[in-house]
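Chemist: My questions are about this predicted structure, shown below with the sequence.
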Amino acid sequence: MRILDRYISREFIKTFLLIMVSLVALYLIVDFFERLRMFLSRDATVLQVVSYFFFTIPMIVTQMLPVSFLLAALITFAILSKNSEITAIRANGISLFRLSLPVIVLSIAACFLSFVLSEFITPAANERAKYIKLVEVQKKKKLGSFTQNEIWYRGDDGIYNFAVYDPEKAMLKGVRIYYLDQNMHLARRIDARKARWEAGRWIFDDVMITTFPEEPGSFPRIERYSTTEIDLPEQPSDFLIVQKDTDEMGFFELRSYIRKIRSEGYDATRYITDMHGKIAFALVNVILGVLGISFSLRTERSGGIARSIGTGIIIGFSYWIVFAFAVSLGRSGSLPPLLAAWAANLILGLVAVVSFMRVRT
């Protein structure tokens, strides 16, 4: 059995690596031509272009891992079926479950690999790729940082501190702005529950403006507004460089960030959905591996490799569509975050179990 396990594992890994390299190369080529105009218009150097795409590779590998695993399982067992090797193996009393066990074990290892990539490598690589694009190529100034689960930004007139920045809604939450005088003394402070960008201006809600007098011993003047417009030189795009997206945070960092913003009373639905999605997406490798085995063994010697590739592409894209749609519903609050993140896995997992049981019978 060890010889058989090594043989199947070796054939599967060779096919998997070939598919992974092909998909990553295809992704890089398409992405290169999509961004070529941006690089040319900004006079980006060859080193900047190469560095940018180099740091996107971990993200591409993470995204392509499930599809590569599915296609590798389909093609590997399709080749075994075509060569009548599965028939010979079964004739020796080896069950289909035992035959597929090496691939199932490898699929579990792929889950751990996917999680490790998304936790320790991909976030840092994505952050570096973002820095190259926005700062080195587009020449935007990095005037802030994301530290201690808070966002700090040094603006033209003041220093910003806010808990959450939603670039899709152009909204800041938990806003504090500090204005210093020439002697670096606090002259004015603005506190607001949120600030939103509307019609080219910043509208603040639940605002408290504190003005500190220059004379020592004098009391500060406090003004409160339910809603007011405040003139700020910064626009929403200026905060992109310091805001961390969920793909730039690992699971544990994202969980810590969620705890912080929830403790301050802000809605964390979007981040909770993405946090659950990181686990769900990593575990889909097992589901797709079992599904690939099931479809390949369902009808031996029928269809061929071309059919297996077509089946894999259809299943892979179907999962992506359902996963992305469900996550978008979770982010908007239409579905509970946990259900939204796991909906695609539950559907595909049920199909995989039913298909595998039908093969065994």
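Modeler: Everything's here; your move.

Chemist: quick one: least confident helix or strand in this protein?
Modeler: Within the chain, confidence by mean pLDDT, DSSP states H and E is lowest for strand 144-147 among all helices and strands, at a mean of 70.

Chemist: Which residues does that one contact?
Modeler: The contact list for strand 144-147, computed with C-beta atoms under 8 Å, 6 or more residues apart in numbering, reads 151, 152, 153, 154, 160, 239, 241, 242, 243, 244. Backbone N, C-alpha and C define where each C-beta goes, glycine included.

Chemist: before we move on, what about stretch 86-106?
Modeler: With C-beta under 8 Å, 6+ apart, stretch 86-106 has contacts from 1, 4-5, 8-9, 12-13, 73, 76-77, 80-81, 286, 289-290, 292-293, 297, 300, 359-360.

Chemist: Could you give the average pLDDT over that stretch?
Modeler: What stretch 86-106 shows for mean pLDDT is 86.

Chemist: Any buried residues in it, and which?
Modeler: If you call a residue buried by 16 or more other C-beta atoms under 10 Å, then stretch 86-106 has these buried ones: 86, 89, 96, 99, 100, 101, 102, 103, 104, 106.

Chemist: Would you reformat the residues you listed as JSON lines and include secondary structure and distance to residue 44?
Modeler: Formatted as JSON lines, these follow (DSSP: H, G, I helix; E, B strand; the rest coil; distance: C-beta to C-beta, whole Å):
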{"residue": "86", "secondary structure": "helix", "distance to residue 44": "51"}
{"residue": "89", "secondary structure": "helix", "distance to residue 44": "54"}
{"residue": "96", "secondary structure": "helix", "distance to residue 44": "53"}
{"residue": "99", "secondary structure": "helix", "distance to residue 44": "51"}
{"residue": "100", "secondary structure": "helix", "distance to residue 44": "47"}
{"residue": "101", "secondary structure": "helix", "distance to residue 44": "49"}
{"residue": "102", "secondary structure": "helix", "distance to residue 44": "45"}
{"residue": "103", "secondary structure": "helix", "distance to residue 44": "42"}
{"residue": "104", "secondary structure": "helix", "distance to residue 44": "45"}
{"residue": "106", "secondary structure": "helix", "distance to residue 44": "39"}
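
Chemist: would a markdown table of the residues you listed with distance to residue 113 be doable?
Modeler: Shown next, in a markdown table, are the buried residues of stretch 86-106 (distance: C-beta to C-beta, whole Å):
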| residue | distance to residue 113 |
| --- | --- |
| 86 | 27 |
| 89 | 28 |
| 96 | 26 |
| 99 | 23 |
| 100 | 19 |
| 101 | 19 |
| 102 | 16 |
| 103 | 15 |
| 104 | 15 |
| 106 | 10 |
